[in-house]
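Novice: fold the following.
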Amino acid sequence: MQVTSHDVVIVGGGHNGLAAAAYLARAGKSVLLLEAQPSLGGATVSADAFDGMGARLSRYSYLVSLLPRQIVDDLGLQLRLARRRYSSYTPVPGGESGLLVDNHDADATARSFAAVGAAADAERFDEFYARSGELARRLWPTVTQPLLRRSQLGELVGDDTLLRDFVDRPLGEVIERTFASDLVRGVVLTDGLISTFADAHQADLRHNICFLYHVMGGGTGDWDVPIGGMGQVSDQLAAVARAAGAELRTGARATGVEDGAVTWTDESGMSSRATARHVLWAAAPAVLDELAGSPGERVEGAQVKVNLLLSRLPRLREAGVAPEAAFGGTFHINETYIQLQTAHDDAVAGRIPSPMPAEIYCHSITDPSILSPQLQESGAQTLTVFTLQTPDRLLDEVDSLPAARAQLQRATLASLSSVLAEPIEDVIMRTPEGDLCVETKTTRDLQDVLSMPGGNIFHAPLTWPWADDDAPLQTAAQRWGVDTPYRGILLAGAGSRRGGGVSALGGYHAARAVLES
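Specialist: Numbers count the residues shown, from 1 in each chain. Here you go, the predicted structure:
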């Protein structure tokens, strides 16, 4: 067995592991990063999902909000992020109108609220997000600092009602108290249900935590489009790490980890051992637990992701809204407040929700560079559909994952077609072989391909971005929220305390802990 020695060994080559490698190599540390997949990037990759078609899609993660400017500047990244004009469009299920939230035209947005019978909620909507935005602005600067304690929040935020509404009580309470429209209530609740299976009044407040991360990014909550696709994030981080001297190994699967050492095998099955002063775990915490022989509670995600390549944008039922506007932000499908609750209850009972609540993002409207010149000229577009309230447990009893994937795909496309003026299948492009350009990823696909337990895109349930008052914060790892129960091993991925989403914060915090310890 070959044995090598390093200052730091990092397990996991997603964007967090790459960020940690870049920071530590630039600080003069000898760094070895091990990634089990044949390529780097994890969920932050771009791919030719449909061979030979000329579309390079963000296959898994797709928008950027939580990546701090400080990390971009520290590492000299040349990322270009585009801001979308439209926040969202939500068709009235079964109706001929929809709610279009235009960030550049408040009067048009107010008229749209009135058109769906929610005129009274227009001003409340602005006030609600102004209040949550104030909380976000106060908290956002803290994510690149050591953890606050819960008792420090009151002084930081300066408004106890914000903490009551968004931190202390279930999100459903403030939504129901604030809005009258079922449609508007649903639009707001979706911010708390991204890969988070929850009832609006759930006592563990996991949907509140998800909501906070959704509105906190950059202090504004804006979700931006990465020009060139999500792969730009991981590619640039890898380039910085390599330039600083980090060794990045792909096809290298960790088979054992302990204080000061990682055992791993390459693609040929040959085993090696890497010793180090510091071991950083940039993969899911549950995978670390299994490797250490102490598996914990089940982790599960709650989404199906469907990538589509279209010959053009589909027609809408509402004649007064251009498809480029409706699909220019987040397009909500069958996500009224009641529909989201019904979908939750269906899933609890083991049924696939019908209709399937989902939302759409169209990368190519904002950034056509992911399409070949021929596709751009033809009017082709990409769509990414992301379902809600579809937990991994729905796949527990299936006999065949391909059959279950096909069933979930049909349910998702049927839900989308139900709010359009034409079936979505009519505008899906076909490959030269005649296959529809549709790619569906279930929670099991994420688990099998990316080692995300239960398909949880955050690696583990999200946690508040602060520490409890009685939490120990004596060590650097504890202060930065990257400690584990295992001696000498730090978390450096999305499963660290503030690591969820495409933020690089897990890697940043782990690097800071190493450099301070």
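Novice: quick one, what contacts the spatially closest residue to residue 39 that is not a sequence neighbour?
Specialist: Distance criterion Cβ to Cβ, 6 or more residues apart in numbering; nearest residue to residue 39, sequence neighbours excluded, is residue 250 at 6.0 Å. C-beta: built from backbone N, CA, C; applies to glycine. Under the criterion of Cβ atoms under 8 Å, 6 or more residues apart in numbering, the neighbours of residue 250 are 13, 35, 37-40.
Novice: try 6 Å
Specialist: Listed by Cβ atoms under 6 Å, 6 or more residues apart in numbering, the contact set of residue 250 reads 35, 38-39.
Novice: check residue 186 too.
Specialist: Contacts of residue 186 by Cβ under 6 Å, 6+ apart are 335-337, 340.
Novice: what's the farthest-apart pair in those residues?
Specialist: The span of the contacts of residue 186, defined through Cβ to Cβ, is set by 335 and 337 at 8.4 Å.
Novice: could you give the separation of stretch 388-398 from the chain centroid?
Specialist: Going by Cα atoms, centre = their mean, to the nearest Å, the spacing between the C-alpha centre of stretch 388-398 and its chain's C-alpha centre is 18 Å.
Novice: quick check: mean pLDDT across that stretch?
Specialist: Across stretch 388-398, the average pLDDT comes to 97.
Novice: which positions in it come out as buried?
Specialist: By neighbour count, with 16 or more other Cβ atoms under 10 Å as the criterion, the buried positions of stretch 388-398 are 388-395.
Novice: give me the neighbour count for residue 464.
Specialist: Counted with other Cβ atoms under 10 Å, the burial measure for residue 464 works out to 19 neighbours.
Novice: please give the element, helix or strand, for it.
Specialist: Applying DSSP states H and E as the criterion places residue 464 outside every helix and strand.
Novice: for it, which non-adjacent residue is spatially closest?
Specialist: In space, and not counting its chain neighbours, residue 464 is closest to residue 209: 5.9 Å by Cβ to Cβ, 6+ apart.
Novice: and for whichever helix or strand that neighbour is part of, what's in contact with it?
Specialist: Using DSSP H and E, the element containing residue 209 is helix 206-216. Applying Cβ under 6 Å, 6+ apart, the external contacts of helix 206-216 come out as 132, 136, 139-140, 171, 191-192, 194, 196, 198, 221, 461-462, 464, 500.
Novice: what about residue 335 and residue 337, which has more around it?
Specialist: A count of neighbours by other Cβ under 10 Å puts residue 335 above the other of residue 335 and residue 337, at 30 against 22.
Novice: what segments of the stretch 251-400 of the chain are helices?
Specialist: Counting by DSSP state H, counting those that start in this stretch, the stretch 251-400 of the chain forms helices over residues 285-291, 323-326, 337-348, 363-366, 373-378, given from the N-terminal end onward.
Novice: most neighbours per residue, which of those?
Specialist: Ranked by mean neighbour count under mean count of other Cβ atoms under 10 Å, the helices of the stretch 251-400 of the chain are led by helix 363-366, which reaches a mean of 23.
Novice: which residues are in contact with it?
Specialist: Judged by Cβ under 6 Å, 6+ apart, the contacts made with helix 363-366 from elsewhere in the structure are 82, 84, 225, 328, 370-371, 381-382.
Novice: same check, this time on stretch 504-512
Specialist: Counting contacts by Cβ under 6 Å, 6+ apart, the residues outside stretch 504-512 that touch it are 15-16, 19-20, 23-24, 67, 71, 143, 280, 480-482, 490, 492-494, 496, 498-499.
Novice: which ones among those lie within strands?
Specialist: The strands in this structure, assigned by DSSP state E, contain 280, 490 from the contacts of stretch 504-512.
Novice: filter the contacts of stretch 504-512 down to just the ones in helices.
Specialist: Counting by DSSP state H, the contacts of stretch 504-512 place 15-16, 19-20, 23-24, 71 in helices.
Novice: would you mind putting the residues you listed into JSON lines with pLDDT, neighbour count and distance to residue 49 alongside?
Specialist: Below are the ones in helices among the contacts of stretch 504-512 laid out as JSON lines (pLDDT from 0 to 100; neighbours: other Cβ atoms under 10 Å; distance: Cβ to Cβ, whole Å):
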{"residue": "15", "pLDDT": "98", "neighbour count": "31", "distance to residue 49": "19"}
{"residue": "16", "pLDDT": "98", "neighbour count": "34", "distance to residue 49": "23"}
{"residue": "19", "pLDDT": "98", "neighbour count": "32", "distance to residue 49": "25"}
{"residue": "20", "pLDDT": "98", "neighbour count": "35", "distance to residue 49": "28"}
{"residue": "23", "pLDDT": "98", "neighbour count": "27", "distance to residue 49": "31"}
{"residue": "24", "pLDDT": "98", "neighbour count": "29", "distance to residue 49": "33"}
{"residue": "71", "pLDDT": "98", "neighbour count": "19", "distance to residue 49": "28"}
